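Chemist: Give me the fold of what follows.
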Amino acid sequence: MSGLYRKQRWLLLLVCVLLLSFCGAAYAANLEISGDPLMLRAENDGTVSAYRWEGDRWQHQYYGENWWGSVLVLDGDSETKRIFSSYSDDFFDDIDEKFQPVSHDKPNDWTIVTVYNAGDSGVQITQTISYTNGNSYYRKSWTIKNNSDEQTFNNLRFLHGGDAYFAGDDRSEGHWDPGLRMVYLTNENMGITGIMGFYGASSTPADHYFEGYYSDVKDHMENGQLPDTVHSSYIDSGYALQWNRDSLAPGESWNIVSYEKWTEAGYVQVLAPSNGEGEPGQKVRYEFTVANEQSEEVTYNLDAVSSAGWEVQLANTALTIAAGGSATVEVEVTVPDDAEVDTVDTLTVTATAADDETISNSDSVTTKVIPLTAGSLTVTIEPSEAVAAGAQWRRTGTATWFDSGATEEGIPVGSYTIEFKTIDNYVKPADLQVNIVHVHNTATATYNASVVPVSGISLNKTQVTLTEGGNPVTLVATVQPANATNKNLNWTSSDESVAKVDAFGKVTPLAAGTAIITVWTVDGNLTATCTVDVNAAPELPRTAGQSAAAVWGAVMLLSGVLLWRKKEN
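Modeler: Numbers count the residues shown, from 1 in each chain. Below you'll find the predicted structure:
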């Protein structure tokens, strides 16, 4: 009895372990992201489920909750063609080869990463489901890697989609927006629901699309080729997108990014493109689609707002759209020069009927700031005289010389050496190190006038003879070389009572005698001399008038003497 009891106990323990293992595996096979307004689930083979909060309940958006998955085609044009799909036998029941789960993980509250193999082909797919809480869309991406040693696969196709159950309504109309490359659904009453759409990121737009009866979606996906059509009436529909690649060699990866979105109800729909990125200083351009779901032509006023206060340019402030038609509007947002990397801005475009402000809707796109890859450089050269003489700059290793104040654009981020052109009479600046780390970068450099020393000085005369009180003479000094930097001179006289000299070499004779006039250079104290002989002024001969005056004076003097003596006696 005791032996039997022990066996029963071990058997019970084994059953419990198996049950726990099964429960754990079942739990791991279905991971969930719970947000607002979307809730997402992913199974370990890549099958996806999406739910949207609608009023008072979670409404699944795919029929059967999970009739949604992926198909991979390898060597699509060859006899060795192989097609793999998610497990959903309810939908992909004609595909025998299924994706084989490898790992299934939820690294954070908003991301599910699923890895699965395409059978024994050596191709492995990493699917990432990510969601930002509060958004009306979520991101689905796939990295398809060839891990085989030698096999190169050709004509690859990856398809994703399924049977839609948009807003709990199994009847929808299909649309294709070529600008956004989005396939999307609308229900009969746009006052109750908006749109449900699927599109590739701008970096990986879809190559093909389809919307139609869910059974046709299934057939086209199982055949591995979508026909690029939509059904323009309300049917039990689904949709799918297809991406193509020519080949995938061993070790190569193929990356695909897509988004699925829902919009609010309204008789005007604004459809934003996929999210973008921009460097500081870059202008990022988006194309929004505005769809008029009313039964008559309507003019809509447009508005665009950046959540971060970035500069926004709207190509049109109003659009007139025919009944049931759509139009595209371009919006440009400028990332500020000083924007920090990883900053995210939300650009929202709103369309409002001009004659009825209650008819309005909006949609948003985000722009993430990425690191700068290139910037500009402006170099200012001083002084202006050097610039006029031909001073220029360039980056070492490049051919183009730039003038002072000119800007070189598109320089990759990094460190560079700036060199300067050699010009006459100036010493060029030393090479300058600059770092391109901003959108606009500046630097300043100064040329210095080159110093040419004085090598000699001479006078145009070495001896002059002047007359006391006579005319002055100007000596001319010549400095060698002619381009000497400092040509300033000083002048002196050895005897300023004989002759004096001014700062310009003008010699003035003052009295009889000899004086040595010396000129010397401020640079180098080099001298030159000139001997100045000053003769006394000669006595001038008397004229007849001067002689008569002298005699008359003598007579008058003598008369005066005679009269004085007579008086004394």
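Chemist: going forward, measure contacts and count neighbours with C-alpha atoms only.
Modeler: Fine.
Chemist: Tell me which helix or strand residue 211 sits in.
Modeler: strand 208-213 (DSSP states H and E).
Chemist: for that strand, packing partners?
Modeler: Here strand 208-213 touches strand 173-177, strand 182-186, strand 237-248, going by 3 or more CA pairs under 8 Å, 6 or more residues apart in numbering; DSSP states H and E.
Chemist: what angle do the next helix or strand after the longest one and strand 237-248 make?
Modeler: So that's strand 237-248. Toward the C-terminal end, the helix or strand that comes next after strand 237-248 (DSSP H and E) is strand 253-262. With axes from the mean of the first three to the mean of the last three CA atoms, to 10 degrees applied, the angle from strand 253-262 to strand 237-248 works out at 160 degrees.
Chemist: Now do strand 253-262: everything it contacts.
Modeler: With contacts defined as CA atoms under 8 Å, 6 or more residues apart in numbering, strand 253-262 is touched by 136-146, 194-201, 203-204, 243, 248, 274.
Chemist: Output the contacting helices and strands for the helix or strand following the strand holding residue 211.
Modeler: Following strand 208-213 in sequence order, the next helix or strand is helix 214-223 (DSSP H and E). Of the remaining helices and strands, those touching helix 214-223 by 3+ CA pairs under 8 Å, 6+ apart are strand 153-163, strand 237-248.
Chemist: Near the residue nearest to residue 527 when sequence neighbours are not counted, how many other residues are there?
Modeler: Among residues not flanking residue 527 along the chain, residue 520 sits closest, at 4.1 Å (CA to CA, 6 or more residues apart in numbering). Residues lying near residue 520 (other CA atoms under 10 Å) number 21.
Chemist: Likewise for the one 10 residues further on?
Modeler: Here the count is done by other CA under 10 Å, and residue 530 has 19 residues near it.
Chemist: Can I take it that it is in a strand?
Modeler: Yes: under DSSP: H, G, I helix; E, B strand; the rest coil, residue 530 sits within a strand.
Chemist: Residue 463 is in contact with that one, correct?
Modeler: Yes: between residue 530 and residue 463 a contact is recorded at 5.0 Å, counting by CA atoms under 8 Å.
Chemist: would you turn the helices and strands packed on helix 214-223 into CSV with distance to residue 376?
Modeler: As requested, the helices and strands packed on helix 214-223 are exported to CSV (distance: least, CA to CA, whole Å):
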stretch, distance to residue 376
strand 153-163, 41
strand 237-248, 37
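Chemist: Now render these as JSON lines, adding mean neighbour count and distance to residue 424.
Modeler: Formatted as JSON lines, those follow (neighbours: other CA atoms under 10 Å; distance: least, CA to CA, whole Å):
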{"stretch": "strand 153-163", "mean neighbour count": "23", "distance to residue 424": "65"}
{"stretch": "strand 237-248", "mean neighbour count": "22", "distance to residue 424": "61"}
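Chemist: Mean pLDDT and distance to residue 345 added to those, as a markdown table?
Modeler: Below are those laid out as a markdown table (pLDDT from 0 to 100; distance: least, CA to CA, whole Å):
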| stretch | mean pLDDT | distance to residue 345 |
| --- | --- | --- |
| strand 153-163 | 95 | 29 |
| strand 237-248 | 97 | 28 |
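Chemist: among the contacts of strand 253-262, which are in strands?
Modeler: Among those, the members falling in strands (DSSP state E) are 137-146, 195-200, 243, 248.
Chemist: Checking residue 167 next. Helix, strand or coil?
Modeler: Per three-state DSSP, the secondary structure class of residue 167 is helix.
Chemist: Tell me if I'm right that it and residue 59 touch.
Modeler: Yes: between residue 167 and residue 59 there is a contact at 6.4 Å, judged by CA under 8 Å.
Chemist: mind listing the strands for the stretch 251-400 of the chain?
Modeler: 253-262, 268-271, 276-278, 283-292, 298-306, 311-314, 318-321, 326-334, 344-353, 356-369, 374-382, 393-395 (DSSP state E, counting those that start in this stretch).
Chemist: Okay, now the unreliable bits of the stretch 401-550 of the chain?
Modeler: Residues of the stretch 401-550 of the chain meeting the criterion pLDDT under 70: 540-550.
Chemist: can you give me the helices in it?
Modeler: Remark: helices assigned in the stretch 401-550 of the chain by DSSP state H, counting those that start in this stretch are 544-568.
Chemist: distance of residue 65 from residue 80?
Modeler: 34 Å (CA to CA, to the nearest Å).
Chemist: Which one's more surrounded, these two?
Modeler: Counted by other CA under 10 Å, residue 65 and residue 80 do not tie: residue 65 has more neighbours, with 17 against 9.
Chemist: residues touching the residue nearest to residue 393 when sequence neighbours are not counted, list them.
Modeler: Setting aside the residues directly before and after it, residue 393 is nearest to residue 420 in space (CA to CA, 6+ apart), at 4.5 Å. Contacts for residue 420 (CA under 8 Å, 6+ apart) come out as 391-394, 428-431.
Chemist: got TSV for the residues you listed, with distance to residue 483 and neighbour count too?
Modeler: What follows is those, written out as TSV (distance: CA to CA, whole Å; neighbours: other CA atoms under 10 Å):
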residue	distance to residue 483	neighbour count
391	19	25
392	23	23
393	26	24
394	29	18
428	18	21
429	21	16
430	24	12
431	26	14
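Chemist: Wait, residue 222 touches residue 96, no?
Modeler: No: in this structure, residue 222 is not within contact of residue 96 by CA under 8 Å, at 10.2 Å.
Chemist: Compare those two and say which one has the larger neighbour count.
Modeler: residue 222 (23 against 13).
Chemist: that older thread, next one: the residue nearest to residue 393 from residue 83, what distance?
Modeler: Between residue 420 and residue 83 the distance is 64 Å, computed by CA to CA.
Chemist: repeat for residue 245
Modeler: Taking CA to CA, one finds residue 245 at 15 Å from residue 83.
Chemist: neighbours of residue 305, just the number please.
Modeler: Residue 305, neighbours per other CA under 10 Å, totals 18.
Chemist: let's have the chain start at 21 instead
Modeler: In the new count, where the first residue is 21, that last one comes out as residue 325.
Chemist: What count of nearby residues applies to residue 222?
Modeler: The burial count for residue 222: 15, using other CA under 10 Å.
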